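> After the sequence you'll find the predicted model.
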Amino acid sequence: MRWTLALASFNSLNSISNCSLTLAASHRFSFPFFSPQIRPSSFRFTSSSHYTKKLSAILAMDSSIAGPVKELPVGLDEATEEEYASQSKLLKEFTSISSIDKAWTFKSESGLVSQAMFSISQPNLLANKKRSFMLSTSISKESNNNVNFQWAPFPVEMAGVSIIVPSPSGSKLLVIRNPENESPSRFEIWSSSQLEKEFQIPQSVHGSVYADGWFEGISWNSDESLIAYVAEEPSPSKPSFDHQGYIKGATKDKECSSWKGQGDWEEEWGECYAGKRQPAVFVINLNSGKVHAVKGITKSLSVGQVVWAPPVEGTDKYLVFVGWSAEPRKLGIKYCYNRPCALYAVKVPPYKSEDVGSDPKSMEEPTLVNLTQSISSAYFPRFSPDGKFLVFQSAKASVDSWVHSATNSLHRIDWPTDCKPCSPTKVIDVIPIVNCAEDGHFPGLYCFGILSKPWLSDGCTMILSSYWHSCQVILSVNVLSGEVFRISPADSDISWIVLTLDGDNVIAVCSSPIDVPQIKYGCFDKEIKNTVWNWLNVSSPIFRCSEKVTSLLSSHQFSIMQIPVKDVSDCLTKGAAKPFEAIFVSSKKNDAPDPLIVILHGGPHAVSLSSFSKSLAFLSSIGYSLLIVNYRGSLGFGEEALQSLPGKIGSQDVNDVLTAIDHVIEKGLANPSKITVLGGSHGGFLTTHLIGQAPDKFVAAAARNPVCNISSMVGITDIPDWCYKETYGSNGKSIFTEAPTAEHLTHFYNKSPISHISKVKAPTLLLLGAHDLRVPVSNGLQYAHALKERGVETKVIVFPNDIHGIERPQSDFESFLNIGVWFKKYCK
């Protein structure tokens, strides 16, 4: 699930670390409960030494009569301990299921057999890290109806590896290991049999290489002698002091007799980028090992997604990259596609000589060319195989409207035959923004990652993954004609995602809420135009799970429901009046319905997909039906439906969720007395709104980093623009200010869940990340204190080292374990 909203770092946890409010330790697993001396809703700030003395007194009693005292975690009785033990064992089985992060294919010399590598990850709960490993296979396509994958007997763990990038020929492999401290970055070049070269890049040259999936960009040149990449610019010099005071002309080096001052504060790109200042482009020469910062790039630009432009003998070499301006200030960029960006080209020297500075060409002042001046957003640059055109994606609908994510578009630039880019360039539309599609037709482009090599052999057809209502599908796009085809099966509600291409064949993964992922091999007859793709099953050891998990999943079913809009007369556009969707997961049994959990995604402009989620599969397996609502404003349904929500959050989205709940109750699929609600970020905003606006509807609630009070959030979140856009709608952009007026703050408060706090009855679990820069931990804590003040049963867990997503393995595990136990307690 995507958590898109978030705020300022909550670093001063010492004030609450010794009270009955639970702090979930990152280095060990504990069962967080309140002290038995107080009601579960209480937040009495009692010193931990108080409980230590009481426990000591108990242990000092005559044990010869009572026997040994069984020590339980604070606030935990034996019955609840059994529930924790039972659920944690099952959750562990779901958690251990692996995921495929990336895949690559390599043609053999004969061309008859392909080799493939799969980068796989699995949570390592004890180490509280993601364990990564590589599994190889050989692929032989025996006929149009049969493909054979011969897997290596065992995977190989890739400990300490940050990035893996094969060379264009497939003969070399770049492995980058980022340091965890101030050690150098390590670049390794591997051949098929051994380590060929290794380079250590000190922090004085650059910091960690970006491996975030957004600024990240690594590109081999055509002859595989140079690699361009994005890394953190070296830290600027800080003022130095010793026993005599300020030191003039101090170096960056540390000295035992002096200390470094802080210097000027520098802005960062918000959530997920704490400690990162400036991504910059570097080139390493693999023959000499020398690393060069690319010159000519404006300091106000943060750069990413760098690629080499196609080479032409005897002409200058260019790099193409995405640039985000830091003016007037940096706002949160994670999941925020409304940050203006452009494609730039910069001429670079050959980087062939031992000392580039002595090369006359390197002495020329590079010229920076903005390739996309006519459009407000351009990213994911991909050159066609013949180098004749450059294709890119745009989030101009987001940038122009200010919503953090919206319907995307795809565009093309014809690359000059002399390989000397100039500005302005003509931007050609390939896939325009779709406002409102006819039923069953392509709803628009919602693509959030493009393969580095997305091309079929015709040189003009790209293979992409995109959201299509509540599903993810695979598309083929002809970038010359603009034709778009859905090539994953259209008669199924399961979700698909492309992993890599094997020539003109596609290696993909499909899954559903009740089906663990499965690898598929897609092929088609090139002689027949617009033919239906044939998807072959691939036997794989990657997604194996226990017999218990398999049995539980097989006992469930799911469907995607069309939910009619309740009051069409309020809809200003055709798209806003169309039905929205909800994914319903339930047991196959025919007796009374199971208790219901309503699941709400964040954003609000995100989507819950009909793909496999280990956390949600766990919740359905402990005896719950799931109603996963994609309210109007979600991605995948066209731009009109999406743009209907800004200005109406807390009302339109709340009403859509209530309509969906009534829909399943009317169909006899849910017991109205056994309904709970769960959401994160904006989903937490909806969760806390719902228990206030419909207090008799829910028997319990759980919220992860919820937006509870926008008026207190706006001044410290990394996305204050979100507060204005989503509460004021189309007027939000024009009235935005860093100094909200009293009128603005009142409006924010009235749009917030805390304005309905007096009506809340449902026992509420709040799960908060202390380092959340998007939705401040203080937002959730204020809401919890207000609930406690009114006598509502409340439980809070603060994860001291987590950010907005609460994705660290131990934190994610403890989070969903507590959700399962909390709902069992109040909704059996």
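Yep, that arrived.
> pLDDT averaged over the helix or strand hosting C723 - what is it?
Secondary structure from DSSP states H and E places C723 in helix 720-728. Across helix 720-728, pLDDT averages out at 98.
> Need the residues that contact it.
With contacts defined as CB atoms under 8 Å, 6 or more residues apart in numbering, helix 720-728 is touched by 5, 331, 336, 338, 401-404, 604, 645-647, 649, 710, 713-714, 717, 732-733, 735-736, 738, 744, 747-748, 751. All C-beta atoms are positioned from the backbone trio N, CA, C, and that covers glycine.
> Name the next helix or strand following that helix along the chain.
For helix 720-728, the succeeding helix or strand toward the C-terminus, using DSSP H and E, is helix 732-735.
> Mind giving me the packing neighbours of that following helix?
Of the remaining helices and strands, those touching helix 732-735 by 3 or more CB pairs under 8 Å, 6 or more residues apart in numbering; DSSP states H and E are helix 720-728.
> The same query, at a cut-off of 10 Å, please.
If contacts are counted by 3 or more CB pairs under 10 Å, 6 or more residues apart in numbering; DSSP states H and E, helix 732-735 sits against helix 396-401, helix 720-728, helix 742-750.
> okay if I get those helices as JSON lines plus distance to Q810?
Shown next, in JSON lines, are the helices and strands packed on helix 732-735 (distance: least, CB to CB, whole Å):
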{"stretch": "helix 396-401", "distance to Q810": "34"}
{"stretch": "helix 720-728", "distance to Q810": "29"}
{"stretch": "helix 742-750", "distance to Q810": "34"}
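> among those helices, which is nearest E78?
helix 742-750 (43.8 Å; CB to CB).
> Point out where this protein drops to low pLDDT.
For the chain, the stretches with pLDDT under 70 are 1-70, 74-75, 110-111, 144, 250-256, 314, 352-365, 526-530.
> Go through the helices and strands packed on helix 732-735 and name the closest to Q87.
With CB to CB as the criterion, Q87 lies closest to helix 720-728 of the helices and strands packed on helix 732-735, at 34.7 Å.
> CA atoms only: put that closest one into CSV for me.
Output of helix 720-728 as CSV, limited to C-alpha atoms (Å, rounded to 0.1, in the frame of the first residue of the first chain):
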residue,chain,number,x,y,z
PRO,A,720,2.4,22.3,3.1
ASP,A,721,1.1,22.7,-0.4
TRP,A,722,-0.9,19.5,0.1
CYS,A,723,-2.8,21.1,2.9
TYR,A,724,-3.9,24.0,0.7
LYS,A,725,-4.7,22.0,-2.4
GLU,A,726,-6.7,19.3,-0.8
THR,A,727,-8.7,21.5,1.5
TYR,A,728,-9.3,24.5,-0.8
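> Let me know which of the helices and strands packed on helix 732-735 is tucked in deepest.
helix 720-728 (a mean of 24; mean count of other CB atoms under 10 Å).
> Next, the angle from that one to helix 742-750.
80 degrees (axes from the mean of the first three to the mean of the last three CA atoms, to 10 degrees).
> Point out the other helices and strands that the longest strand along the chain packs with.
Ranked by residue count, the top strand of the chain under DSSP state E comes out as strand 129-143. Applying 3+ CB pairs under 10 Å, 6+ apart, one finds that strand 129-143 contacts strand 99-107, strand 113-124, strand 146-151, strand 156-157, strand 505-512, strand 515-523, helix 809-826.
> Just want the angle from the last one to strand 129-143.
Going back to what we said before, that points to helix 809-826. 90 degrees.
> is it true that E157 touches S132?
Yes - using CB atoms under 10 Å, E157 makes contact with S132 at a distance of 7.2 Å.
> which neighbours do these two share?
I120 (CB atoms under 10 Å, 6 or more residues apart in numbering).
> Which one's more surrounded, the two?
S132 (19 against 12; other CB atoms under 10 Å).
> Contact partners for that one?
101, 119-122, 124, 155, 157-162, 164.
> Would you mind stating the distance between it and G820?
28 Å (CB to CB, to the nearest Å).
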